[in-house]
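Trainee: Dropping a prediction and its sequence here:
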Amino acid sequence: MHRTNDLMSPKKRELLSRSWRKEWPCSSQIPRGNRFLRLSCLGLLILLGIEMGHCGAQFIDKTEGRGPQLGATHVQRWVAGVILRAAAGPCTGIKAYIPIPTDWPEQEVTTLEEDFSPGVRVSYRTVEGTVRQMVVEIPFLAPGEEAKALITTETRRRVILLPPDPSIFVMPDRRKMPRDVLPYLAVSPGIEATNSKIQSLAKQLLASEGTAWRKVERIYDWVRDNVKYQEGPFKGALAALNDGAGDCEEMTALFIALCRAGGIPARTVWIPGHAYAEFYLADPQGKGYWFPCQLAGTRAFGEMDEARPILQKGDNFRSSLNPRDRKRYLAEELIATGNPPQVEFVRRLLAR
């Protein structure tokens, strides 16, 4: 499960809860088309099931096709935002931050509708290059007044398929890694990659013979075989290792910590109700690719069939409210200078 902030009750709730104290219980991407297809009519694009968008180096290489392959498209529509009520008197200086989906190589996001009350100011920003937030500002709410800021988005997620030949990939050379990959070798909140026990286990797991792919898979299998799924408050990778138990967040954190300890970049992918991991390997020419794997739930290593939208990638962000505070996930946050309003953060899947 994914816990959105430190104010949650320990009792599990569905991500789609309308309360800002919601919790996420655990549960089991658009390649750039060729020039001809980009110039084809929309009807032909839909007919062929090919989505236009921006493709990062971690996905299909049009000339060689070595990296992850993209398959069928899942389409979902979600409503996200916030509803506030001045239930205990006038409210002033309200500011809320809501994470919303953004484009990734495997995901295209379109805003279909914005529903904002009069007097509500809404802007959008990107945090550290990977998180898109809706920023809601309300200068004043009279007693008993209600205000809302809701957006409806459509996400088109492509299934990620295994690369044609996983055996070609090698351990990445830190000296040749892109700058935006290097942070995923460092420590993050709850991902204690420099801990001696984690370092020792990573060295042991990576010492065996085999391809780089098989070495990472050995870490993956070890975590799934040795950490029993158990829901509870987030305790981090080291605690999951010591206890031999944890939920999707702990299992994902431990896998990431072990990868990083072994010099393999890895990061968390957050979706509604779940978290999984991505790891980074290079081809023989040094070109790097990100590959997904799901630690809790159905086995999925190097591939991912997921319809829910990606909300964030990464696990070490500055808090919107306190830049000195580091968060593994940027949850919904709110501040108010006057009376605190009654808050309902919304994230809801729409029926098609």
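Mentor: It's in.
Trainee: Residue 265 contacts residue 282, doesn't it?
Mentor: No. Using CB atoms under 8 Å, residue 265 makes no contact with residue 282, being 10.1 Å away. C-betas here are computed from N, CA, C, even on glycine.
Trainee: Need the overlap of contacts for the two.
Mentor: Residues within reach of residue 265 and of residue 282 at once, by CB atoms under 8 Å, 6 or more residues apart in numbering, are residue 172.
Trainee: Comparing those two, which residue is more hemmed in?
Mentor: Neighbour totals were compared for residue 265 and residue 282, and residue 265 leads with 23 against 18 (other CB atoms under 10 Å).
Trainee: Only the buried residues of stretch 251-265, if you could.
Mentor: 251-262, 264-265 (16 or more other CB atoms under 10 Å).
Trainee: Repeat that for stretch 225-240.
Mentor: Neighbour counts over stretch 225-240 (16+ other CB under 10 Å) mark 227, 231, 232, 234, 235, 236, 237, 238, 239, 240 as buried.
Trainee: what does stretch 157-165 give?
Mentor: The neighbour-count criterion (16+ other CB under 10 Å) identifies 157, 158, 159, 160, 161, 163 as the buried residues of stretch 157-165.
Trainee: If we only consider the buried residues of stretch 225-240, which is nearest to residue 200?
Mentor: Nearest to residue 200 among the buried residues of stretch 225-240: residue 238, at 12.1 Å, using CB to CB.
Trainee: Which of the buried residues of stretch 157-165 fall in strands?
Mentor: Per DSSP state E, strands hold the following members of the buried residues of stretch 157-165: 157, 158, 159, 160, 161.
Trainee: Need the max-distance pair from the residues you listed.
Mentor: So, those by CB to CB: farthest apart are 157 and 161, at 13.1 Å.
Trainee: Okay, now the unreliable bits of the stretch 251-352 of the chain?
Mentor: The model of the stretch 251-352 of the chain has no residue with pLDDT under 70.
Trainee: Flag the shaky bits of the stretch 51-200 of the chain, pLDDT-wise.
Mentor: Along the stretch 51-200 of the chain, the model assigns pLDDT under 70 to residues 51-64.
Trainee: For it, which segments are assigned as strands?
Mentor: 69-85, 91-100, 107-116, 121-127, 131-141, 146-161 (DSSP state E, counting those that start in this stretch).
Trainee: mind giving me a markdown table with these and columns for distance to residue 218?
Mentor: What follows is the strands of the stretch 51-200 of the chain, written out as a markdown table (distance: least, CB to CB, whole Å):
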| stretch | distance to residue 218 |
| --- | --- |
| strand 69-85 | 23 |
| strand 91-100 | 33 |
| strand 107-116 | 29 |
| strand 121-127 | 34 |
| strand 131-141 | 31 |
| strand 146-161 | 21 |
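Trainee: hang on, residue 306 is in a helix, isn't it?
Mentor: No. Using DSSP: H, G, I helix; E, B strand; the rest coil, the secondary structure at residue 306 is coil, not a helix.
Trainee: Now it: phi and psi?
Mentor: Dihedral pair for residue 306: phi -140, psi 130, per degrees, to the nearest 10.
Trainee: what about it, how many neighbours?
Mentor: Using other CB under 10 Å, residue 306 has 22 neighbouring residues.
Trainee: which residues does it contact?
Mentor: Applying CB under 8 Å, 6+ apart, we find residue 306 in contact with 74, 157, 159, 271, 276.
Trainee: separation between it and residue 322?
Mentor: To residue 322, residue 306 is 32 Å away according to CB to CB, to the nearest Å.
Trainee: Redo the ones in strands among the buried residues of stretch 157-165 as JSON lines? Include distance to residue 191.
Mentor: JSON lines is the format used below for those (distance: CB to CB, whole Å):
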{"residue": "157", "distance to residue 191": "25"}
{"residue": "158", "distance to residue 191": "27"}
{"residue": "159", "distance to residue 191": "27"}
{"residue": "160", "distance to residue 191": "23"}
{"residue": "161", "distance to residue 191": "28"}
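Trainee: ok, of the residues you listed, which one's closest to residue 106?
Mentor: Using CB to CB, residue 158 is the member of those that lies nearest residue 106, at 4.8 Å.
Trainee: how close does the closest one sit to residue 203?
Mentor: 36 Å.
Trainee: just residue 325 next, same as before
Mentor: Residue 325 sits 32 Å away from residue 203 when distances are taken as CB to CB.
Trainee: Alpha carbons of stretch 263-277, as CSV, please.
Mentor: Below are the C-alpha coordinates for stretch 263-277, written out as CSV (Å, rounded to 0.1, in the frame of the first residue of the first chain):
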residue,chain,number,x,y,z
GLY,A,263,25.9,0.2,-8.5
ILE,A,264,22.6,-0.3,-10.4
PRO,A,265,20.4,2.8,-10.6
ALA,A,266,16.8,2.0,-9.5
ARG,A,267,13.8,4.1,-8.5
THR,A,268,10.2,3.9,-7.4
VAL,A,269,7.2,4.2,-9.7
TRP,A,270,4.0,5.4,-8.0
ILE,A,271,0.5,4.7,-9.3
PRO,A,272,-2.9,4.8,-7.6
GLY,A,273,-2.9,2.1,-5.0
HIS,A,274,0.5,0.6,-5.7
ALA,A,275,4.2,1.1,-6.1
TYR,A,276,6.7,-0.9,-8.2
ALA,A,277,10.3,-0.4,-9.2
